[in-house]
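The following block contains a protein sequence and its predicted model.
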Amino acid sequence: MEAVRVLPDRVANQIAAGEVIERPASIVKELVENSLDAGATRVEVEFSKGGRTLIRVEDNGRGMSRDDALLSIERHATSKIREASDLDRVISFGFRGEALPSIASVCRFVLQTRMEGTEVGTEIVINGGKLLHVRDCGMPVGTRIVITQLFNSVPARRKFLKSDRTEAGHIIQAARLYALASPSVAFTLIEDRRQVFQSPVCPALVDRVAEIFGRQVAEQVMPVSGAQEDLGIEGLLGRPGTGRSTRHEMITFVNGRPVENRTLAYGILESYHTLIPKGRYPVAFLFLSIDPAGVDVNVHPSKREIRFRDESRVRGFTIRTILDCLRGDSEERTRRNREARVITPSAPSSGLDSSRPSVDVAPVPPPSSNRIPPQGSPRNPLPGPWSTDRGQSGSEDTEAPLADSRDPVADVTHPTGSGLGWKFIGVFRGTTCLFETDQGLILLDRRAAEQRIWYERLLKDFRSGDVAAQRLLFAVPLELDPIGGAILADHLEFFDSHGFEIALFGRNFFRIEGVPAWLEAEDVEVFVRDLVGLIRQGRLSGRKPDLAGEALAKAAALRLAGRSPIPDEETIATLVEGLFSCEIPQSSPTGRPTYIELDSSELNRRFHKGRATREEDLF
Ligand code: ADP
Ligand code: MG
């Protein structure tokens, strides 16, 4: 048994680095925070090979004296707080005094800094936590930190780095978050000597969003603002309907700090509750201001998480403010539509009944207008998944034949599922089909059933390599954020082998030139975004083609199912047959039951039939 001893600083720093520096992007985050804390109005970030070989952050902030510079690389040295109670008032990004020593312990670290009013600057060089030298240097006022040989001193950490492209994506995302947080600071980001972006001071947030997330996103948002006591919200919200499959564009700031916080996330999701389909996330860039005493920022060393002292107040305020904004938007749209109608009274050639509540009257192109029509007769662009005429150019009519020779239960001469002994009764709320059987009552979930059919059909296509694609008349542009862009670029082959034609068109810019035959052209942008989101969450990996095919088929099935109008009896018949020619008709691809059976004895029990009280029998 060895004696207890205090760890040398170098080791302690390397351990702390494990918490603070998860990946190269964490270094960029810490250094940029320091630059902003130092009052910089210009910040330049450069990196190479995903940060592995170079990270440089340079600012025109107030700089440090030689003494301060030497102190800054000591553990727990900070100029930002003096005592723990200061944490209640902290408005700077940093306060733990951990970043610089941690970073310097895991790389070759050069710090050059010059304080205003001094003639020369100071240069400090550290390698793997060992101080190599301190000397004078000439430089403008400000601070420059250059990091090379990242994790050379801790090889175990090197192994955990992802591909350069992925790490680069994280760095770019981090830089953009801070650029978003500080519109009054000019930002430049350079990767491998190429400029990724150079954003001047942007007084309007929407301009910054356009630079950072692309113009497509900037056009889909509207301003939000509100205030109450010490609470304030400013920012931009996605218009209802612009949902995403991931939270990556739901970004929250508290007192200017980008944070992940359950209370705010919940408030946003709750507000969009009925406006965005379940399981999707709104686009939101939300800046909450609050008395610093009401927040605990010291929850995690990376300071990405925070906690509110009064969560329900913040949540309530967030929801009220967002709902006001969304309501205002819908009223505004209603008003515009009404005005549009007053001005052109003769317009209703569209067949719109003027007594009906206002609807969006923007002309919608017919669904398949962007497809290059296939040879021969025009074909129904999105047949029900259960139709069995696919690929046989002779039978292009939308009426799917009732029978399929492969189908063991199909019975042409009898309506609806009679092969099963299911007698169709009706449709409940458009979603549940009711059948009578000898045993009792069947309730079939139309959506779940369609999902199952789509899922198995697509999977079969993928496995047999039958991935009919259709070229689009007009390519659909797609602009992604840096990480999404990197992911899509890495997976182009996967998309290609599943019927998408996507061309890289510049960094983070793509052109979708073809879609699988089963996908609507106007759905493709959102669908590809969703798939990129799934890949990002690790739920779909191009490296395991079989599993990826399954994930894609599932995503497509969820998207395609339940779109058709309330079905008539014949459609339902084919649906049931399609379902029972599936391998696993009992459940949807996500594991929900497709139908439930209430047998007569269960019904009797619930109606208390057969009990002692047989009053009815007396009459
Ligand atoms: P913290 O930011 O938590 O105080 P850091 O280790 O990140 O801890 O930095 C230590 C100190 O070094 C800071 O408190 C600040 O005084 C000084 N410092 C770091 N970076 C800069 C910079 N770019 N310009 C001026 N001072 C800086
Ligand atoms: Mg710091």
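Sure thing, it's come through. As the structure is a prediction and not an experimental result, all values here were calculated from the model. Ligands and ions are numbered 1, 2, ... in the order given.

Stretch 103-122: how far from the chain's middle?
Here stretch 103-122 is found 38 Å from its chain centre; the criterion is Cα atoms, centre = their mean, to the nearest Å.

wait, what's in contact with the closest residue to ligand 1 within the stretch 501-619 of the chain?
Using Cβ to the nearest ligand atom, residue 507 is the residue of the stretch 501-619 of the chain that sits closest to ligand 1, at 28.1 Å. C-beta coordinates here come from the backbone N, C-alpha and C atoms, glycine included. Neighbour list for residue 507: 196, 482, 485 [criterion: Cβ atoms under 8 Å, 6 or more residues apart in numbering].

Helix, strand or coil: sort out it for me.
Secondary structure, DSSP: H, G, I helix; E, B strand; the rest coil: residue 507 is coil.

Near ligand 1, which residues of the chain are found?
30, 34-35, 38, 59, 61-64, 72, 77-80, 94-100, 143 (Cβ under 6 Å from any ligand atom).

how far away is residue 53 from ligand 1?
The spacing between residue 53 and ligand 1, counted by Cβ to the nearest ligand atom, to the nearest Å, is 22 Å.

Just give the number of residues close to that residue.
Residue 53 is flanked by 14 other residues according to other Cβ atoms under 10 Å.

residues contacting it?
148, 149, 150.

What values do phi and psi take at the last one?
When read as degrees, to the nearest 10, the backbone of residue 150 gives phi -60, psi 130.

Nearest residue to it in space, please, no chain neighbours.
residue 107 (4.6 Å; Cβ to Cβ, 6 or more residues apart in numbering).

next one: the first one
Using Cβ to Cβ, 6+ apart and skipping the chain neighbours, the partner closest in space to residue 148 is residue 108 (4.8 Å).

show me the contacts for the one you found.
Residue 108 touches 125, 126, 127, 128, 147, 148, 149, 152, counting by Cβ under 8 Å, 6+ apart.

filter those residues to the buried ones?
Among the contacts of residue 108, those classed as buried by 16 or more other Cβ atoms under 10 Å are 125, 126, 127, 128, 147, 148.

Pop the domain breakdown of this protein in here.
Here the domain assignment for the chain is 9-82+93-203, 220-332, 409-599, based on automatic domain parsing.

Could you dump those into JSON lines and include distance to residue 605 and mean pLDDT?
Shown next, in JSON lines, are the domains of the chain (distance: least, Cβ to Cβ, whole Å; pLDDT from 0 to 100):
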{"stretch": "domain 9-82+93-203", "distance to residue 605": "57", "mean pLDDT": "89"}
{"stretch": "domain 220-332", "distance to residue 605": "33", "mean pLDDT": "87"}
{"stretch": "domain 409-599", "distance to residue 605": "10", "mean pLDDT": "85"}
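
Of those domains, give the one that comes closest to ligand 2.
Closest approach to ligand 2 among these is made by domain 9-82+93-203 (2.7 Å; Cβ to the ion).

any residue of that closest one up close to ligand 2?
Yes - contact between domain 9-82+93-203 and ligand 2, assessed by Cβ under 5 Å from the ion, occurs at 34, 94, 99.

Tell me the gap between that domain and the middle of its chain.
28 Å.

can you check stretch 271-281 too?
Worked out by Cα atoms, centre = their mean, stretch 271-281 lies 13 Å from the chain centre.

Just the residues contacting that stretch, thanks.
240-241, 243-247, 249-250, 269, 282, 318-319, 322-323, 326.

Narrow the residues you listed to those that are buried.
Buried among the contacts of stretch 271-281 by 16+ other Cβ under 10 Å: 240, 243-247, 249-250, 269, 282, 318-319, 322-323, 326.

Where is the longest strand in the protein?
When the chain is parsed with DSSP state E, its longest strand is strand 469-479.

Show me what counts as buried in that one.
469, 470, 472, 475, 476, 478, 479.

Heading C-terminal from the helix or strand hosting residue 319, find the next helix or strand.
Assigned by DSSP states H and E, residue 319 falls within helix 311-343. Per DSSP H and E, the first helix or strand lying C-terminal to helix 311-343 is strand 423-428.

Which elements pack onto that following strand?
Applying 3 or more Cβ pairs under 8 Å, 6 or more residues apart in numbering; DSSP states H and E, one finds that strand 423-428 contacts strand 432-436, helix 569-580.

Tell me which of the ones you listed is the most buried.
Among the helices and strands packed on strand 423-428, helix 569-580 has the highest mean neighbour count (mean count of other Cβ atoms under 10 Å), at a mean of 22.

Just the buried residues of whatever helix or strand comes next after that one, please?
Counting by DSSP H and E, the next helix or strand C-terminal to helix 569-580 is strand 595-599. By 16+ other Cβ under 10 Å, the buried positions in strand 595-599 come out as residue 595.

Give me the residues contacting strand 595-599.
So strand 595-599 is contacted by 437, 439, 440, 441, 442, 443, 444, 445, 448, 449, 586 (Cβ under 8 Å, 6+ apart).

element containing the fourth one?
It stands for residue 441. Per DSSP H and E: strand 440-445 holds residue 441.

which helices and strands sit right next to the helix or strand following that strand?
Next along the chain after strand 440-445, taking DSSP H and E as the criterion, comes helix 446-464. With contacts defined as 3+ Cβ pairs under 8 Å, 6+ apart, the packing partners of helix 446-464 are helix 545-560, helix 569-580.

got the CA coordinates for the shortest one in CSV?
Coordinates of each C-alpha in helix 569-580 appear next as CSV, following Å, rounded to 0.1, in the frame of the first residue of the first chain:
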residue,chain,number,x,y,z
GLU,A,569,-64.2,0.0,-48.0
GLU,A,570,-62.3,-1.2,-50.9
THR,A,571,-59.1,0.6,-49.9
ILE,A,572,-59.5,-0.9,-46.5
ALA,A,573,-59.8,-4.3,-48.0
THR,A,574,-56.5,-4.0,-49.8
LEU,A,575,-54.9,-2.5,-46.7
VAL,A,576,-55.9,-5.6,-44.7
GLU,A,577,-54.7,-7.9,-47.4
GLY,A,578,-51.4,-6.0,-47.7
LEU,A,579,-51.0,-6.2,-43.9
PHE,A,580,-51.5,-9.9,-43.8
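
Under a three-state scheme, what state does residue 430 occupy?
Under three-state DSSP, residue 430 comes out as coil.

give the contact list for the most centrally placed residue in the chain.
Taking Cα atoms, centre = their mean, the centroid of the chain lies closest to residue 246, which sits 2.3 Å from it. Counting by Cβ under 8 Å, 6+ apart, residue 246 touches 281, 533, 536, 537.
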